[in-house]
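# heads up, no residue letters with this:
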């Protein structure tokens with residue numbers, strides 16, 4: 001019997017969100033809509049630019065976003081990561097405790113990772129990520145018993161930041177495979193996909209049971225259309241979940257294909273949309289729902305989160321998802 005629903009190892013970050021203009025993006029010489037890995041000096045420069053602007057804080061990191069939303073839905077979750085001995089690290093631990101997430105958090109001698117996110121009027125988010133302590137975990141952090149006890153082990157492509165992180169995730173994948181735990185892989189971002197394409201394709205073909213990718217990531221992985229990417233992933237034996245933004249999503253398993261219609265909403269901030277989509281889909285799978293129903297739950301959560309600033313699903317959105 002599996003006693004946990006979803007367990008993850010990921011960068012434990014704090015997201016700091018700010019409303020920005022197109023001029024801010026240009027002044028700071030940022031590439032709009034993508035994640036930038038930055039050092040302390042560069043992050044301080046970006047933060048200083050908004051010193052008189054109100055900000056919003058929340059737990060961050062791709063898989064953490066998914067895990068905390070799953071916890072809010074009532075799923076039994078577990079999370080492993082590293083933080084610093086500072087107030088931001090304390091915030092992460094406090095929020096995890098409040099949400100009932102089983103913690104495998106370790107503290108290291110570095111500042112807690114921060115992601116400073118600029119949200120422009122079109123709802124697009126431009127991320128400036130200083131990984132700090134979040135990328136300093138190693139194989140000792142792998143929660144073996146929790147992975148063995150979970151229905152799903154979920155991780156993201158963001159973990160391909162250094163050899164130690166990659167080795168840690170690969171160890172966790174092997175444990176999951178041996179335990180009959182489903183392996184869920186969210187490609188996560190075109191930036192990391194572009195740098196690690198060969199490794200990602202290998203992980204998909206050899207290990208993954210569920211794969212999340214958006215249109216651009218699908219193109220980078222297979223140099224073709226979302227439909228071709230869906231076919232290639234399904235041919236490997238995994239469930240393909242290709243997110244198509246305003247066009248919904250395409251899900252493939254074996255020879256079956258399902259189009260998930262988008263849920264109409266007013267786009268305010270796209271931060272966390274993909275992560276919440278993943279959380280909704282995984283929630284459906286752990287509740288033994290069909291691929292179509294799981295996709296509808298995913299679309300409901302993604303629609304809700306982009307209707308407000310910050311990667312948080314509303315209580316109403318959670319209720320609508322559970323009602324499905």
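Sure thing, it's come through. In this text the structure is predicted, and so the values were computed from the model without any measurement.
# count of neighbours near the closest residue in space to residue 50 that isn't next to it in sequence?
Spatially, and ignoring its direct neighbours in sequence, residue 50 is nearest to residue 18 (4.9 Å; CB to CB, 6 or more residues apart in numbering). Backbone N, C-alpha and C define where each C-beta goes, glycine included. Neighbours of residue 18 under the rule other CB atoms under 10 Å: 18.
# any idea how far residue 209 lies from residue 222?
The spacing between residue 209 and residue 222, counted by CB to CB, to the nearest Å, is 19 Å.
# quick revisit: just checking, the residue nearest to residue 50 touches residue 53?
Yes. Counting by CB atoms under 8 Å, residue 53 is a contact partner of residue 18 at 5.3 Å.
# which residues of this structure fall in strands?
Taking DSSP state E to define them, one finds strands in the chain at 4-9, 13-19, 35-37, 56-60, 77-84, 102-108, 113-119, 125-130, 150-156, 182-186, 210-214, 239-243, 249-253, 256-260.
# out of those, flag the one nearest residue 312.
Closest approach to residue 312 among the strands of the chain is made by strand 56-60 (6.2 Å; CB to CB).
# by contact count, what packs against the closest one?
For strand 56-60, the packing partners by 3 or more CB pairs under 8 Å, 6 or more residues apart in numbering; DSSP states H and E come out as strand 13-19, helix 87-99.
# now with 6 Å, please.
strand 13-19 (3 or more CB pairs under 6 Å, 6 or more residues apart in numbering; DSSP states H and E).
# quote the end-to-end distance of stretch 41-56.
Its first and final residues considered, stretch 41-56 spans 21 Å by CA to CA, to the nearest Å.
# give me the residues contacting it.
Stretch 41-56 is contacted by residues 16-18, 28, 116, 128, 130, 309-310 when judged by CB atoms under 6 Å, 6 or more residues apart in numbering.
# what is the nearest of these to residue 282?
Closest to residue 282 out of those is residue 310 (20.9 Å), distances taken as CB to CB.
# distance of the spatially closest residue to residue 231 that is not a sequence neighbour from residue 303?
Residue nearest to residue 231 in three dimensions, not counting chain neighbours: residue 252, with 6.7 Å by CB to CB, 6+ apart. As judged by CB to CB, residue 252 and residue 303 stand 22 Å apart.
# and if you look at residue 47?
Residue 47 is 30 Å from residue 303, by CB to CB.
# same question, residue 158
From residue 158 over to residue 303 (counting by CB to CB), the distance is 23 Å.
# cool, residue 312 as well?
Distance from residue 312 to residue 303, by CB to CB: 13 Å.
# also residue 50?
On the measure of CB to CB, residue 50 and residue 303 end up 28 Å apart.
# with residue 207 instead?
From residue 207 to residue 303 the distance is 31 Å (CB to CB).
# who has more neighbours, those two?
In this view residue 207 and residue 303 are compared by other CB under 10 Å, and residue 303 has more residues nearby, 23 against 18.
# quick check, pLDDT for that one.
If you check residue 303, the pLDDT there is 95.
# and residue 34, by the same measure?
pLDDT at residue 34 comes out at 85.
# how far away is the residue nearest to it when sequence neighbours are not counted from residue 216?
Distances taken as CB to CB, 6+ apart place residue 191 nearest to residue 34, at 5.5 Å, with adjacent residues excluded. Per CB to CB, residue 191 is found 10 Å from residue 216.
# with residue 24 instead?
23 Å.
# over to residue 44?
30 Å.
# repeat that for residue 99.
For residue 99 relative to residue 216 (CB to CB), the value is 31 Å.
# ok, residue 183 next?
Taken as CB to CB, the span from residue 183 to residue 216 is 23 Å.
# which one's more surrounded, those two?
Taking neighbours as other CB under 10 Å, residue 183 and residue 216 compare with residue 183 leading, 23 against 17.
# list the contacts of that one.
Counting by CB under 6 Å, 6+ apart, residue 183 has contacts 153, 173, 176, 207-209.
# redo those as a markdown table? Include pLDDT and distance to residue 65.
Formatted as a markdown table, the contacts of residue 183 follow (pLDDT from 0 to 100; distance: CB to CB, whole Å):
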| residue | pLDDT | distance to residue 65 |
| --- | --- | --- |
| 153 | 98 | 16 |
| 173 | 98 | 21 |
| 176 | 98 | 20 |
| 207 | 97 | 22 |
| 208 | 98 | 20 |
| 209 | 98 | 20 |
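# would you reformat those as a markdown table and include distance to residue 238?
Formatted as a markdown table, those follow (distance: CB to CB, whole Å):
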| residue | distance to residue 238 |
| --- | --- |
| 153 | 14 |
| 173 | 13 |
| 176 | 13 |
| 207 | 9 |
| 208 | 5 |
| 209 | 6 |
